[in-house]
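>>> Sequence first, then the predicted structure:
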Amino acid sequence: MNQSPIDELIAGQLPGHALQQGFYRSAEIFEKEIQRIFLKSWLYVGHHSQVPEIGDFLVFHIAGESIIIVRSADDQINALINVCRHRGSRVCLEEQGNAARFVCPYHAWTYDLEGNLKGAPQVMDKIDIGKYSLRRVKLENFHGMLFINFDDNAEFEPIATDLDTPLAPYDIANTKVAHRQNYPIKSNWKLAVENFCECYHCIPAHREFAVGHGRARPVEKVTELREEVIGRAVACGLTSDRLDVTWDTSQPIGLDRDFDRYPLLKGQVTGSRDGKPVAPLLGTIKDYDGGATDLQIGPVSYGLLYCDHVVLYRFTPTAIDTTDCEITWLVRDSAVEGEHYKLDDLIWLWDVTTIADKRIIQDNQYGVNSRFFVPGPFTPMEICTQRFTEWYLDIISE
Amino acid sequence: MNQSPIDELIAGQLPGHALQQGFYRSAEIFEKEIQRIFLKSWLYVGHHSQVPEIGDFLVFHIAGESIIIVRSADDQINALINVCRHRGSRVCLEEQGNAARFVCPYHAWTYDLEGNLKGAPQVMDKIDIGKYSLRRVKLENFHGMLFINFDDNAEFEPIATDLDTPLAPYDIANTKVAHRQNYPIKSNWKLAVENFCECYHCIPAHREFAVGHGRARPVEKVTELREEVIGRAVACGLTSDRLDVTWDTSQPIGLDRDFDRYPLLKGQVTGSRDGKPVAPLLGTIKDYDGGATDLQIGPVSYGLLYCDHVVLYRFTPTAIDTTDCEITWLVRDSAVEGEHYKLDDLIWLWDVTTIADKRIIQDNQYGVNSRFFVPGPFTPMEICTQRFTEWYLDIISE
Amino acid sequence: MNQSPIDELIAGQLPGHALQQGFYRSAEIFEKEIQRIFLKSWLYVGHHSQVPEIGDFLVFHIAGESIIIVRSADDQINALINVCRHRGSRVCLEEQGNAARFVCPYHAWTYDLEGNLKGAPQVMDKIDIGKYSLRRVKLENFHGMLFINFDDNAEFEPIATDLDTPLAPYDIANTKVAHRQNYPIKSNWKLAVENFCECYHCIPAHREFAVGHGRARPVEKVTELREEVIGRAVACGLTSDRLDVTWDTSQPIGLDRDFDRYPLLKGQVTGSRDGKPVAPLLGTIKDYDGGATDLQIGPVSYGLLYCDHVVLYRFTPTAIDTTDCEITWLVRDSAVEGEHYKLDDLIWLWDVTTIADKRIIQDNQYGVNSRFFVPGPFTPMEICTQRFTEWYLDIISE
């Protein structure tokens, strides 16, 4: 019996070791990943404050796909595939803006903000217009964070059930985007996720982060501090119940959710250059508790919740060997730049950290490309990355 | 029984609908197109006024091939494959110029203007020089327009028979090149041809063209004007008999020919910014008849014949996803720039129109690349594009 | 029975003719070449004077691989694959420098200058560190010229045995690098080697070289001069015994060695603009003998030995269609720039010659890419290139 190259790769995979080269370089595997992971998972596409008015839109890109995120009514935001149903042109050419309707620039087929075909010159009465709506994609507005899922059968409920309460005090729905920046990475997306999932590299590579964040230390080293922050968190109106339903193959795909509040170090109270506050307290938080939360929603959308700001991360493949890492910084919506926060101070930590990670990930890709690359063993602080690779192998082998 | 991917694609093609994505993205299909279409069709390569003197040459490019078009005698222009018969170097490195002979820059093998090997250092008397001529390609000088065909058995006669008379009054042999410009398009060549073949998009996308050209309107809307222009054309010494032998699979491939004089609108008499004359009348044309002719010779060479100038279009694939669109503007050979015509005015309309089409075609390619692209139905004004796709499917499936 | 594309290509190959297009364009064949030729051959990577101190390193690149060449002790220089044994990052990010040890920038796994794992944070006592050394590659320091071989079983002895004596008078071990420059070529590596191996193109293409070098003339034309230079060479302390063990399939692969001293012309005594000396005499050479030596060590490393300087050539594929040509100019180590030699004069000849070859090779690739390319016959002055292709066909068909 013949084995496919994927079967051979999977068979050759050592338990507890990094993925082999083939997983990062096979075009066939990449397309399988798109079909099995990205088209079935909840993906963060933006914050609802980016489309406050009816007709406001932004465009989300992933793996060659273009999706229009547009507000069609006070309480409805839609996700529409940006491909005309006539000859296939992009319908919307701008990255963001406001539109009363979408008129295809090719032949002027016209769609309303819900994607319904409303005009097709000369043939409007000759075609079954109900058949030619822009394809709709599921969209969930969760605490102001917009997630899409290409799978019509996908449910968001398990995420909402688990995260509604712990997220409540941050009131992310009433934040605004202080800054948004893309850091394109020349690597396969998995090397970026594998990097994000572990903090074994934080002390060697992220001095700026490691100095103040318990995440950078072995779990057993910060156990005492962890106990302390749990107490202070509750006092500040926060929860610090650990939730971790990630890389779990017993769950439907794409529903990963993680909420982990861990201690900051050396008296630091937020993620900043000096550990001092950088913006007004969020939501109903009463005071700085000396903790920070790692958040995950779906396989490639992550967050860091500080008492005074939120940092959202999103990894999206643009091709087999290029990945976008977009970061969004959120602050309380009433905060005024220059008065309540300085942008440079707000973004400093994760900007410098991401610039470093971009280089690291790219140098990782170079080495993985070598004919002599042999995947090595994961260490205890890489447990989450190891779990990611096990989950991945399970999905890709199905 | 196994189906090839091409068979599957063809089987999945809905009648009256645009081509599916696979036809634009398969390397195997692209090479088949080169072999079945481009290497068997008449292709416009230049105007004889570009090589007026013996030794004058220009180089034509298509799909990685380089062909020298060179005048070897008063009445002979040759097309020579630009590949040395020794080790395969390009023989001619310049895009145009004058040469007494072609000396390969590698080892100085030397060819005359008809491609015959005339020198091979140290081995001239040891090899059968008759075996090592540059490969010749058929070339036809038709009314001064030079067409080549890689197929040694190709006949040009059906084109000449049908078009000799209607083209005569324009005397294209006695025009000169006023301007020539390439508009490289990042798309598969078929999306460019499909765009060129239909004017359903002219009103939405080409205001500048649509205002003055009956082609931009549904056929039934300009029937009356069409009758009028036929009368005036004859009075001006022109013929307006409709000829259309395009995308006809009962014909040998590559012999497409079309001649269609249609009315200009709103008193415009030529293709220009204001519809007013931009150059001296061509050939034996007595006066402006208020019409314009769509010309096609072979599958990817097109023309627009106005009373005072000719615009020639040529689409040539440079790779599966890049296409050259070269435009040549011809005026009466005695016309003097600055005195009889202003170059900016002459080229304005088709420059602005082609810049718009380039963007449109590229945005079409983006959308067609989507995993969610579903080919839509052709409309009546896209009949010619529909016929192209049917012809194409027939050829590619043979 | 099915034939592989390689079998078909080999079967279609005409004796005495250049290689067919497929050999230059097949990704499968390219990877086979890497495995069968480049990973089994001695490859020049640098001169020991480039790493004089313990900890000095330089990085060598070939076909996506990165190898650290580092001095670990007075008499030991190592070649280490630049891929961390943990998660595969590049360990060394600089192209040259000095390091006490190599600390992976990702997770700080640390290796000594011999590649032994010396540190792995948190897990040093949990893993079998002997299993995680950087992979070593064989390295030979031959007269100061450093050669590596990825094949652990490769022997260097046959090269040393044959070349020790003829190289002795030049004392290359006691030269220094006056200049080093890379000339990246957009072509398959074989077209570069084929170009380097023959001088049939020297008169047409390299006027600067041909005027002074007997190599540019047919062998029979310089026989008399060749006799003369042999006599003078001996008088100057040089040997001129011809050695030629190249492209010999009866030998183990990658052991090619060639030493051929041939006459300079018109009273020229070295390779320079005017044929006059450009640097102090090398080693124990007593005077200019009016000759020059073609040197070859392994399949893609070449040298030109003049009485007063050495030029080393190295061709390395960076991808199927790109090749590095790095040239190193060596002079007596005591020579002082500005005082004993002028850099511009020293490098002039081979800089201008290589710039010309780069263009030639690229134009060769363009032509070879044509669907109409037909490999032509080799001529007598291309005998070495012909032998290369025969050797190549033998290896690739095994």
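Sure, I can see it.

>>> how far away is A:Val336 from chain C?
Distance of A:Val336 to chain C, computed by C-beta to the nearest C-beta, to the nearest Å: 40 Å. From N, CA and C alone the C-beta is placed, and that goes for glycine too.

>>> Any stretches of chain A with poor pLDDT?
Within chain A, the ranges that satisfy pLDDT under 70 run A:1-3.

>>> what ranges do the helices span in it?
Taking DSSP state H as the test, the helices found in chain A are A:5-11, A:22-25, A:27-33, A:157-167, A:189-196, A:202-205, A:207-210, A:223-235, A:343-368, A:383-397.

>>> burial of the nearest residue to A:Val51 once chain neighbours are set aside, as a residue count?
Once flanking residues are discounted, A:Val51 sits nearest to A:Arg71: 4.5 Å by C-beta to C-beta, 6 or more residues apart in numbering or on different chains. Burial measure for A:Arg71: 21 neighbouring residues, criterion other C-beta atoms under 10 Å in any protein chain shown.

>>> what sits against A:Arg71?
For A:Arg71, the contact set (C-beta atoms under 8 Å, 6 or more residues apart in numbering or on different chains) comprises A:51-57, A:77-78, A:113.

>>> and if you look at A:Ile320?
Residues touching A:Ile320, when contacts are defined by C-beta under 8 Å, 6+ apart, comprise A:25, A:27, A:30, A:188.

>>> what would those look like in TSV with distance to B:Gly298?
Shown next, in TSV, are those (distance: C-beta to C-beta, whole Å):
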residue	distance to B:Gly298
A:Arg25	42
A:Ala27	36
A:Phe30	39
A:Asn188	44
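
>>> Out of the residues you listed, give me the one that has the most neighbours.
Across those, the neighbour count under other C-beta under 10 Å reaches its highest value at A:Asn188, namely 27 neighbours.

>>> and A:Gln181, how many residues sit next to it?
Quick note: A:Gln181 (other C-beta under 10 Å) scores 13 neighbours.

>>> circling back to that earlier point, for the helices of chain A, which one ends up most surrounded?
The highest mean neighbour count among the helices of chain A, using mean count of other C-beta atoms under 10 Å in any protein chain shown, belongs to helix A:189-196: a mean of 24.

>>> so where do the strands sit in the stretch 101-250 of chain A?
For the stretch 101-250 of chain A, the strands defined by DSSP state E, counting those that start in this stretch occupy A:102-103, A:110-111, A:117-119, A:136-142, A:145-149, A:175-185, A:243-245.

>>> Please see if the longest one touches chain C.
The reference is to strand A:175-185. No - residues of strand A:175-185 contacting chain C under C-beta under 8 Å from any C-beta of the partner chain: none, with a closest distance of 14.0 Å.

>>> Spit out the contact partners of A:Glu198.
For A:Glu198, the contacting residues are A:381-385, taking C-beta under 8 Å, 6+ apart as the criterion.

>>> And whatever residue of the stretch 201-350 of chain A ends up closest to chain B, how far from chain C?
Proximity to chain B, evaluated over the stretch 201-350 of chain A using C-beta to the nearest C-beta, is greatest for A:Ala319 at 11.6 Å. Using C-beta to the nearest C-beta, A:Ala319 is found at 17 Å from chain C.

>>> pretty sure that residue is touching A:Ala63, no?
Yes - when contacts are counted by C-beta atoms under 8 Å, A:Ala319 is listed as touching A:Ala63 (7.4 Å).

>>> What residues are bridge-paired with the residue most central in space within chain A?
Per C-alpha atoms, centre = their mean, the C-alpha nearest to the average position across chain A is that of A:Ser301, at 2.0 Å. The residues listed as beta-bridge partners of A:Ser301 by DSSP bridges are A:Arg314.

>>> Now do the contacts for it.
For A:Ser301, counting by C-beta under 8 Å, 6+ apart, the contacting residues are A:42-44, A:147, A:312-314.

>>> who wins for most neighbours among the residues you listed?
Neighbours were tallied for each of the contacts of A:Ser301 (criterion: other C-beta under 10 Å), and the maximum of 27 neighbours falls on A:Trp42.

>>> Is it in contact with A:Glu157, as I believe?
No - A:Trp42 sits out of contact with A:Glu157 when judged by C-beta under 8 Å, with a separation of 11.3 Å.

>>> if we can go back for a sec, count residues in the vicinity of the residue of the stretch 201-350 of chain A closest to chain B, would you?
Around A:Ala319 there are 13 other residues, counting by other C-beta under 10 Å.

>>> Excluding chain neighbours, what is closest to A:Arg359?
With C-beta to C-beta, 6+ apart as the criterion, A:Arg359 has its nearest non-adjacent residue at 8.0 Å, and that residue is C:Pro105.

>>> do you know how far the one you found is from C:His86?
Applying C-beta to C-beta, to the nearest Å, the value for C:Pro105 to C:His86 is 12 Å.

>>> end to end, how far does stretch A:249-261 reach?
The first and final residues of stretch A:249-261 sit 24 Å from each other (C-alpha to C-alpha, to the nearest Å).

>>> wait, I meant stretch A:247-254
9 Å.

>>> residues of it that come out buried?
Buried residues in stretch A:247-254, counted by 16 or more other C-beta atoms under 10 Å in any protein chain shown: A:247, A:253-254.

>>> what's it in contact with?
Residues outside stretch A:247-254 that contact it (C-beta under 8 Å, 6+ apart): A:36-37, A:40-42, A:149, A:151, A:154-155, A:158, A:245, A:256, A:298-299, A:384, A:387-388, A:390-391, A:394-395.

>>> Identify the residues contacting whatever residue of the stretch 101-250 of chain A ends up closest to chain C.
Among all residues of the stretch 101-250 of chain A, A:Pro204 sits closest to chain C, at 3.8 Å; criterion: C-beta to the nearest C-beta. Each residue near A:Pro204 by C-beta under 8 Å, 6+ apart is listed here: C:103-108, C:121.
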